[in-house]
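Student: need a 3D model of the following:
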Amino acid sequence: MPPNLRRFLPFLLIAAVFLFLVPTLFKKHTAGPSTSTRATQTIDAMNLIDKGEQRYRAAHGQFTSHLADLLPLRKQLAGDLAIGLSVQLDASTNGQSFLAQVASDVLSLVRAREGNKVTAQSCLILKGGSGVTCPTAAK
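Tutor: Predicted structure coming up:
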């Protein structure tokens, strides 16, 4: 090996490390659905719970406070819940109103309904990102 190349060999090795290894250390790794996808799934889950509650009330005369009662009516709900949503569901003692809260790491939604009328609706963006918006008011 020529003496000039031996002198520059350590510099060439350091340059190769900077060119190939350092960028992989600082590369941002993302896994799973994007924030906009999780926000959409959170909104979809709230809408499915709301529609499921309405269907349950039409069949049984009152709302339910059990999520398990809604799953047979809305099978898509199980897929939305699989992403790690937190769901809290409560019905009044007479079963004529309910309150639902659905939250993910991106979005938190609350909806209350009495009979056929939405009495309260709230949305809080927990983690902003491209395509993360609060839904329009339900009817």
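Student: which parts of the host helix or strand of Ala59 are buried?
Tutor: Secondary structure from DSSP states H and E places Ala59 in helix 35-60. For helix 35-60, burial by neighbour count (16 or more other Cβ atoms under 10 Å) applies to 35, 38-50, 52-54, 56-57. For every residue, glycine as well, the C-beta is placed using N, CA and C.
Student: contacts for stretch 103-117?
Tutor: The set of residues that contact stretch 103-117 without belonging to it, under Cβ atoms under 8 Å, 6 or more residues apart in numbering, is 35, 38-39, 41-43, 46, 50, 53-54, 63, 83-87, 96-102, 118-127, 129, 132, 134-135, 138.
Student: from Ala31, how far out is the spatially most central residue of the chain?
Tutor: Closest to where the C-alpha atoms of the chain average out (Cα atoms, centre = their mean) is Arg38, at 3.2 Å. Counting by Cβ to Cβ, to the nearest Å, the gap from Arg38 to Ala31 is 13 Å.
Student: tell me, how many residues neighbour the closest residue to the residue nearest to the centre of the chain other than its chain neighbours?
Tutor: On the basis of Cβ to Cβ, 6 or more residues apart in numbering, the spatially nearest residue to Arg38 that is not a chain neighbour turns out to be Val106, at 4.6 Å. Here the count is done by other Cβ atoms under 10 Å, and Val106 has 21 residues near it.
Student: C-terminal to the helix holding Ala59, what's the next element?
Tutor: Using DSSP H and E, the helix or strand that follows helix 35-60 towards the C-terminus is helix 67-70.
Student: report the buried residues of that next one.
Tutor: Neighbour-count burial for helix 67-70 [16+ other Cβ under 10 Å]: 69-70.
Student: residues touching it, excluding its own?
Tutor: So helix 67-70 is contacted by 48-49, 52-53, 56, 64, 77, 87, 89 (Cβ under 8 Å, 6+ apart).
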